[in-house]
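**Q** Need coordinates for the following:
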Amino acid sequence: MSCLSRRGDDRGAIMVLALFLAIFAIAILYTVIGTAETVLFRERLQDSADSAALSSAVMHARSMNLLVLINLVMAALLAVLVTIKLIESIAIIGGIVAAALAWFTGGATLSAIPPLQSVQSNMHDAYEEVKDPIYEGLEALHSVGEAVKAAAPGAAFAVAAAEIEAHGKPTVKEGVVVGTRLDLPVKDGSFDELCGEAGELPLTLTRQGLEAAQIPVLPTLMEHLESPMKSLASEFSDWFCGDSDGGSSNSPPGHKQRVTRSYPRMKTAASEDCDRGEGLEDSDGPKDAKNLKCEESQREEEAGKPDNNTGECPKGKDCSLRGPYDARVTQARRDCAPTLFPPPIEYWYQERQGHVVYEWTGKFWKRGEPRYDAPVRRGDNERGVHQPPCGPPHVSPAIEGYRMTVHPGDDVEEVIPVCSDETPPEVPTLAPARGTTEPRDFREVTHILGCKREVEEDMPIDAGEPADNSGNSKSPKVVEGDAALGDENFQIRALLQGDQQALAATRVVHLALWDTPEPAHPLEKMKRFGGFSVAQAEYFYDGKPNERDAWMWNMNWRARLRRFRLPEGDLTKMRETCAEIIESGICDTAFDLGAAERPRFTH
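**A** Numbering: from 1, shown residues only. Got it, this is the predicted structure:
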């Protein structure tokens, strides 16, 4: 073939173009594979975090249910004593009634006194015989409850670690699950309360038996007797249960009275001295101690009083960080939280209307700089607003959410609102044109200014030495007084770091770059967080949140996942708690005490 004929031969020329197209198609193929693998990697990593946090919360909930079971067993044991004593009481009352009726029956009822005395004597002997073994059982169960309280978080974190170890590989490189405390949020309750529950139990069992036998009227009668019997056994626990830790037999007579208190209650030296009645003396002689300190406390409260119209710190007053006004609104968020028991009945708060414009960037809605109207105070000086301004769903608020932190830093002007109903526009199915704007109006509660709550307080009739807690070693467990459902006491958080080396397709995806550097991206610095997943779960009482007395007497503790939120509270206290966790060996966790002031987790 001549050179001229070979020069005119164009067979196979398309192969050159096909070669470049094949390389491009392979690059696209690996890009799709890498994207899919990355999505699955993130999904598995998040699933592992959710599973670890939820399994730890489930373990906490089961531990709370175990404490409830221990309380119920303690009440059942003590119910034996109550039943025996109840029969003895009926025999004593029967003997008195028989003796009283003898005047009207000519002595005919006197024949009933000997058998009633025999019953009384037998019941007394039986009571003394079983009392010590039952007390030993109560003390043993109390010790078991203490062990559960202390060991439950460690067991829960061990379960979470096993969950990560079993289901996290090879996605998870390292991780940790941690709560906000080293034990369950429970404390020793009252032996009188346990005796009251024991007194109610026999009538409850009798009522259920009568209902099963379909006997009319009597179940309803028993149901009406349950509450009085509970109060009677609790009030006279020394008679029915043989012990008391502050009931009528050991403490000065008194009564509970429901009073309305205004909050926030500022804890200053003057206010505490006012409550105790401690004061000073002047040159003219002793003054009314209570009035002296109460007047000083009143002046301190007036210094932090907000403006009547706007709720702002009045001009000319100390509006600095941790000043009287700032201390008031900070304390008010804690004292007026809608999850407290009993919940507030009136509220005073500051709110403002906001306006913001969202702009579509082509990928997401970008929030513009918001504008705010002048703040307004809700509730006048005499009457507040009855509806909670915001809170969790079960309090039926106008806005969900309730933030306890007032300032994110040390700038008094930078305020985290209590709640806000602002919602960004939803990403539409058909994306709008780039630059499209959508305005949003919203309302936010800036400060809680105060509230009123109806609380029960012991009103002693006569002062005296307090009774010692003789029933403490046999007492049930109750939820701590400052713990509210949904607060930090019940939250579990997980932080997992993924092993990005497991993404085999990542190296192949770089073939599409032809050995050129990766293009710069505005969110380049955020890539370092791409290998982390966080999750939050909580354990809670699945019932009416206001029935606090029933929380440790019904096995209704459950666990659920929650939207992740950074913990609120004292960072120093969190460091101390985390340091205790490290020393206890529950997990290998440390705080980075550098300038970042953020937690650092290691495996």
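
**Q** Which residues belonging to stretch 532-548 are considered buried?
**A** 533-541, 545, 548 (16 or more other Cβ atoms under 10 Å). Quick note: C-beta positions are derived from backbone N, CA and C, even for glycine.

**Q** Residue ranges in the stretch 351-500 of the chain under the pLDDT threshold?
**A** Filtered on pLDDT under 70, the stretch 351-500 of the chain yields the residue ranges 396, 458-472, 500.

**Q** can you give me the strands for it?
**A** Per DSSP state E, counting those that start in this stretch, the stretch 351-500 of the chain carries strands over the ranges 365-367, 371-372, 376-378, 419-420, 437-460, 477-479, 491-498.

**Q** I'd like these as a markdown table, with mean neighbour count appended.
**A** What follows is these, written out as a markdown table (neighbours: other Cβ atoms under 10 Å):
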| stretch | mean neighbour count |
| --- | --- |
| strand 365-367 | 15 |
| strand 371-372 | 12 |
| strand 376-378 | 16 |
| strand 419-420 | 22 |
| strand 437-460 | 17 |
| strand 477-479 | 22 |
| strand 491-498 | 24 |
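
**Q** Please name whichever of the ones you listed is nearest to Arg299.
**A** strand 437-460 (17.5 Å; Cβ to Cβ).

**Q** partners of the closest one in the sheet?
**A** Next to strand 437-460 in the sheet, as set by DSSP bridges, lie strand 254-263 (antiparallel), strand 346-360 (antiparallel), strand 419-420 (antiparallel).

**Q** who's in contact with stretch 364-371?
**A** 354-360, 424-425, 427, 438 (Cβ atoms under 8 Å, 6 or more residues apart in numbering).

**Q** now do stretch 119-136
**A** Under Cβ under 8 Å, 6+ apart, the answer for stretch 119-136 is 77-78, 80-81, 84-85, 87-88, 91-92, 95, 242-243, 474.

**Q** try 7 Å this time
**A** With contact meaning Cβ atoms under 7 Å, 6 or more residues apart in numbering, stretch 119-136 is reached by 77-78, 80-81, 84-85, 87-88, 91-92, 242, 474.

**Q** what comes up buried for that stretch?
**A** Buried residues in stretch 119-136, defined by neighbour count with 16+ other Cβ under 10 Å: 119-120, 123, 126-127, 131, 134-135.

**Q** and that stretch, how far out from the chain's middle?
**A** How far stretch 119-136 lies from its chain's middle: 42 Å, per Cα atoms, centre = their mean, to the nearest Å.

**Q** Only C-alpha atoms, please: export it in CSV.
**A** Coordinates of each C-alpha in stretch 119-136 appear next as CSV, following Å, rounded to 0.1, in the frame of the first residue of the first chain:
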residue,chain,number,x,y,z
VAL,A,119,-58.3,-10.9,117.6
GLN,A,120,-56.5,-7.8,118.8
SER,A,121,-54.0,-9.9,120.8
ASN,A,122,-53.4,-12.3,117.9
MET,A,123,-52.9,-9.5,115.4
HIS,A,124,-50.5,-7.7,117.8
ASP,A,125,-48.4,-10.9,118.2
ALA,A,126,-48.4,-11.5,114.5
TYR,A,127,-47.3,-7.9,113.9
GLU,A,128,-44.4,-8.2,116.3
GLU,A,129,-43.4,-11.5,114.7
VAL,A,130,-43.2,-10.3,111.1
LYS,A,131,-42.1,-6.8,111.7
ASP,A,132,-38.3,-7.4,112.0
PRO,A,133,-38.1,-9.7,108.9
ILE,A,134,-40.1,-7.2,106.8
TYR,A,135,-37.8,-4.3,108.0
GLU,A,136,-34.8,-6.4,107.0
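
**Q** any idea of the mean pLDDT in it?
**A** Average pLDDT, stretch 119-136: 89.

**Q** now swap in stretch 155-165 and tell me
**A** Per-residue pLDDT over stretch 155-165 has a mean of 86.

**Q** residue contacts, Ala155?
**A** Met59.

**Q** before we move on, which element is it in?
**A** helix 113-167 (DSSP states H and E).

**Q** Could you quantify the relative orientation of that helix and strand 491-498 as an angle?
**A** Here helix 113-167 points in a direction 20 degrees away from that of strand 491-498 (axes from the mean of the first three to the mean of the last three Cα atoms, to 10 degrees).

**Q** Can you give me the neighbour number for the nearest residue to Leu138 once chain neighbours are set aside?
**A** Closest residue in space to Leu138, ignoring its immediate chain neighbours: Lys474 at 3.9 Å, by Cβ to Cβ, 6 or more residues apart in numbering. Residues within reach of Lys474, counting by other Cβ atoms under 10 Å, total 26.

**Q** looking at it, Lys474 is touching Ala140, isn't it?
**A** No - using Cβ atoms under 7 Å, Lys474 is not in contact with Ala140; the gap is 9.8 Å.

**Q** The nearest residue to Trp239 once chain neighbours are set aside and Pro314, how far apart?
**A** Of all residues not flanking Trp239 in the chain, Lys85 sits nearest, at 6.6 Å (Cβ to Cβ, 6+ apart). Relative to Pro314, Lys85 is positioned 62 Å away (Cβ to Cβ, to the nearest Å).

**Q** what's the answer for Trp365, then?
**A** Where Pro314 is concerned, Trp365 sits at a distance of 39 Å (Cβ to Cβ).

**Q** any chance you could map the helices in the chain?
**A** 3-7, 14-105, 113-167, 191-212, 218-235, 237-240, 269-276, 289-303, 324-335, 505-509, 571-584 (DSSP state H).

**Q** so which of those helices gets nearest Lys452?
**A** helix 324-335 (10.5 Å).

**Q** And the closest one, what does it pack against?
**A** Other helices and strands packing on helix 324-335, by 3 or more Cβ pairs under 7 Å, 6 or more residues apart in numbering; DSSP states H and E, are strand 437-460.

**Q** same thing but 10 Å
**A** Packed against helix 324-335, as judged by 3 or more Cβ pairs under 10 Å, 6 or more residues apart in numbering; DSSP states H and E, are the following elements: strand 254-263, helix 289-303, strand 346-360, strand 437-460.

**Q** Which positions within the third one qualify as buried?
**A** With burial defined by 16+ other Cβ under 10 Å, the residues of strand 346-360 counted as buried are 346-352, 354, 356, 358, 360.

**Q** returning to that earlier point: looking at the helices and strands packed on helix 324-335, which is closest to Glu37?
**A** Nearest to Glu37, of all these, is strand 346-360, at 29.7 Å by Cβ to Cβ.

**Q** now the closest one against helix 324-335, angle please.
**A** 90 degrees.

**Q** Pull the distance from strand 346-360 to the chain's centre.
**A** 27 Å.

**Q** again, but for stretch 320-335
**A** The chain centre lies 22 Å from the centre of stretch 320-335; the measure is Cα atoms, centre = their mean.

**Q** Identify the residues contacting stretch 218-235?
**A** With contacts defined as Cβ atoms under 10 Å, 6 or more residues apart in numbering, stretch 218-235 is touched by 78-79, 81-82, 85-86, 89, 190-213, 239-241, 244, 247-249.

**Q** For these, which ChimeraX command selects only the ones that are buried?
**A** The following ChimeraX line selects those of those that are buried, judged by 16+ other Cβ under 10 Å:
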select :78,79,81,82,85,86,89,190,191,192,193,194,195,196,197,198,199,200,201,202,203,204,207,210,239,240,241,244,247,248
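
**Q** From the buried residues of stretch 532-548, which one has the minimum pLDDT?
**A** Pro545 (65).

**Q** mind checking pLDDT for the nearest residue to Ala156 once chain neighbours are set aside?
**A** Distances taken as Cβ to Cβ, 6+ apart place Met59 nearest to Ala156, at 3.6 Å, with adjacent residues excluded. Note for Met59: predicted pLDDT of 93.

**Q** Met59 touches Val148, doesn't it?
**A** No - assessed by Cβ atoms under 10 Å, Met59 is found out of contact with Val148, at 11.2 Å.

**Q** Low-confidence ranges, the stretch 201-350 of the chain, go.
**A** Using pLDDT under 70, the flagged stretches of the stretch 201-350 of the chain are 245-257, 268-291, 293.

**Q** Same question for the stretch 51-200 of the chain.
**A** Using pLDDT under 70, the stretch 51-200 of the chain drops low at 168.

**Q** I appreciate the help and will end here.
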